[in-house]
Structure formats: structure tokens, C-alpha cells
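Participant: what would the 3D arrangement of this be:
(one chain, ligands or ions: 1)
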Amino acid sequence: MGDNLINLKNQAIAQISEVRDLTELEQIRINLFGRNGKFNAISKEIAKVAIEEKKQFGITLNEVKNTLEELIQIKKNDLTNSARVWFDPTMPAKKNKLGKIHFVSRAIDEISSVFEKIGFSRVRYSEVEWDYFAFTALNFPVNHPARDDWETFFVDLPESKKYGSMLLTPHTSSGQIREMLSRQALPAGRQAPIRMINIAKCYRRQSDISHVPMFHQFEGLVVDSNINITNLKGTLDYFAKSFFGKNRETRLRPYHFQFTEPSFEVDISCNVCDGRGCKLCKEGWLEIGGAGMVHPNVLRNCKIDPNVYSGFAFGWGVERVAMMKSGLSVPDVRLLYSSDLRVLSQL
Ligand code: PHE
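Facilitator: Prediction:
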């Protein structure tokens, strides 16, 4: 008896799966469950089943019945729905969204290639630094409050006797020291020329609409014999023209940094008003970053003789120049580092 049921079940499953329309399916349903259907016939035979097998037979009968009823229902749903969904094979395929290199990474690539063309080599140094390289060797007196200007994140580890506290690089200027000291291994007279461009992450305890606690700077350093302010000015003009466009110019304004003497703030001519003055700029000029001639004490700290060599350095914000170039005005710079695709896809 049990075997009959299983055969019936297998046959019915095969039939249901091959059905192509609702009429055919209804016919199968009637053949199985109708008044003169197979199930009724089998149920009648229960009388003939041996008494001890009756219970199991009843259970199997129900299971088979439920399974088939369920299958018929599923098939019915399929046939009903597929009749409604019309597939148009000529429709254009859905486009996959394309990713792209981040706005800031693109700017970094462009800045490096501008400087590589005039012989600068891109370098990188550790983002976790000692106070010595970020401040002391850059001519900041020990415990001088000027360190506060850099809003530094200190790493909560014991100080080094030699190098002081551990910190996250608050500016790329520590790369000047690292670069000059790395030349000590070279034979005398081969420490220069240096033409480095250090582009790196910087960290400061500031977070508001115009500051992100992690941002990028690019730091140029040139050291050689007879380097003077005209070399600095020429390099800055070259950068301004290559990066922003050939009509742009730079100007130097006296300023103060511990590690350069003289020091300057660099402005670039405004392209909106062509130098006449508008609401975007200060009387035709936009402020872009710091620069100066490497302080003799800094050269000495790096075992370079200031009577033989001189140098210039500049350090600017990557995000700032990239936004100035693209004309992008973001209401909050922190958006540059959000993972919101609505923002990212516009950058
Ligand atoms: N390190 C300075 C800053 O973070 C910029 C600078 C770099 C100034 C090199 C002079 C020379 O603001």
C-alpha cells in the first residue's frame, strides 16, 4: 500500500512540474483530489490495510496529499504571475555604477606629477612621529607654546628620552627633517641637492565646517648651494600656472614660522575677478599656505652646513588647493570624507 502511495506521489510531482497552463493543472488536481480521483480511491482501500499498519498509512497518506496540494498551489501562482510579467529583451541593460578615484587622491596624483616634472621626488614618512621631528628639530624651543598652534594629537605612550612624546604628524614639515637626516648616510658633499615633495596625512584636534581632524598637506623642500628666494618664488609660480592655469600668479606676504627665516604666506591671484577684488578673495588674492627659507638652525639640526647650503620649503593643504582648482564649494569640508554616495559621486 505504502509503495503505491509513493509511486502516486512521484508521478504526480513529475506531471505538475511539466504543466504549461492553468487548465492542464486543474485537470491534474481533479484527477488526484476529485470525487473519482486517485486519493479517494486509495482512502477507500484503508479498510484492507492490516490493523497495525493503518496508523502509519493514514499519516503517509496525509503527508503526500499536503505536499501535492502545496505544489499545485505553487505552480498555480507561477502560471498566474508569469502570464502578467512581460519581458522585453530589447530593453537596455541596467548600468553598473562606476567607481572612481577619490577627489583627494586625484589631487595628490596631479600635484606629484606637477613637481616630478621639475625634478622633485615624492617621499613618504611615518604618520606616527616623535615630537623631536615634528617640532624640536624644526627649531621649536622645548616646551615653547608655538607647539599649541598645531593642535597636536599625542599618543598615550611613554616618552622617548631622546625624542620626547609620540604624536600624529600635525604637519608634513617633519618630513623635511627625515629627508635631510636620511642623507647623512651618503658620502660628504652628496647630501644635496634635495628636491622632495612629501604628501601625507596630517592630524589636528580640529573638527568644524572648515576643518577635518585628518587632512593632507604637500611639503616641498629644496636644499642646494645658492638657493634663494627667487628659486622659491619661481617654483611657486610654476606650480600655480601648471596646477591652476597659466594666468595665475603668486605673491609672498611676510609671516612667521619657527622653521623658516624669512617666512611667508603665499597668495595666488584670484581667477574670478582677475585680481580686481571680489567677494571670494582678499583684494584679488587668495591665501594658499606657508613657505620660507629653511632656518639655519634646522639645517644644523640635520647636520647640513648652512654656510655651504641653503634651502626653501613650503607646505600647503591638498584639500584646499583641490577645492580652489575645481571651484568646488562644499558647505562642510568633513563631507569630503563621508561615505555618502550622493556627495562622493559629485566630487
Ligand atoms: N608646516 C606649516 C603648516 O602646517 C606650513 C609650512 C611649511 C610653512 C613649510 C613654511 C614652510 O602650516
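Participant: what are the phi and psi angles of the spatially closest residue to residue 276 that is not a sequence neighbour?
Facilitator: Leaving aside its chain neighbours, residue 276 sits nearest to residue 284 (5.9 Å; criterion: C-beta to C-beta, 6 or more residues apart in numbering). C-beta coordinates here come from the backbone N, C-alpha and C atoms, glycine included. Phi and psi for residue 284, reported as degrees, to the nearest 10, are phi 100, psi 0.
Participant: surely residue 284 is in contact with residue 272?
Facilitator: No - Residue 284 sits out of contact with residue 272 when judged by C-beta atoms under 8 Å, with a separation of 9.6 Å.
Participant: between the two, which one's more packed in?
Facilitator: Neighbours were counted for residue 284 and for residue 272 using other C-beta atoms under 10 Å; residue 284 has more, 17 against 14.
Participant: now do the contacts for that one.
Facilitator: Counting by C-beta atoms under 8 Å, 6 or more residues apart in numbering, residue 284 touches 269-270, 273-278.
Participant: so which of the residues you listed wins on neighbours?
Facilitator: Using other C-beta under 10 Å as the neighbour test, the contacts of residue 284 are led by residue 270, with 20 neighbours.
Participant: list the buried residues for stretch 106-115?
Facilitator: Going by neighbour count (16 or more other C-beta atoms under 10 Å), the buried part of stretch 106-115 is 107-108, 110-112, 114-115.
Participant: for the residue of the stretch 51-200 of the chain found nearest the ligand, grab phi and psi.
Facilitator: Using C-beta to the nearest ligand atom, the closest approach of the stretch 51-200 of the chain to the ligand is made by residue 171 at 3.4 Å. When read as degrees, to the nearest 10, the backbone of residue 171 gives phi -150, psi 160.
Participant: burial check on it, number of neighbours?
Facilitator: 24.
Participant: tell me the SS of the closest residue to it other than its chain neighbours?
Facilitator: Nearest non-adjacent residue to residue 171, counting by C-beta to C-beta, 6+ apart: residue 202, 5.5 Å away. Following DSSP: H, G, I helix; E, B strand; the rest coil, residue 202 is assigned to strand.
Participant: what about the residue lying closest to residue 270 once chain neighbours are set aside, distance to the ligand?
Facilitator: In space, and not counting its chain neighbours, residue 270 is closest to residue 281: 3.7 Å by C-beta to C-beta, 6+ apart. From residue 281 across to the ligand, the span is 20 Å (C-beta to the nearest ligand atom, to the nearest Å).
Participant: phi, psi of the most centrally placed residue in the chain?
Facilitator: The chain has residue 102 as the residue nearest its centroid, 6.0 Å off, counting by C-alpha atoms, centre = their mean. Dihedral angles of residue 102 (phi, psi; degrees, to the nearest 10) stand at phi -60, psi 140.
Participant: pretty sure it sits against residue 345.
Facilitator: No - using C-beta under 8 Å, residue 102 is not in contact with residue 345; the gap is 11.5 Å.
Participant: mind checking which helix or strand residue 167 is in?
Facilitator: strand 164-168 (DSSP states H and E).
Participant: so is that strand next to the ligand?
Facilitator: No - between strand 164-168 and the ligand, judged by C-beta under 6 Å from any ligand atom, nothing touches; the nearest distance is 13.4 Å.
Participant: list the contacts of residue 208.
Facilitator: Applying C-beta under 8 Å, 6+ apart, no residues qualify as near residue 208.
Participant: and residue 28, how many neighbours?
Facilitator: Residue 28 has 18 neighbours, counted by other C-beta under 10 Å.
Participant: with residue 303 instead?
Facilitator: For residue 303, the count of nearby residues is 11 (other C-beta under 10 Å).
Participant: isn't there a helix covering it?
Facilitator: No - secondary structure of residue 303 (three-state DSSP): coil, not part of a helix.
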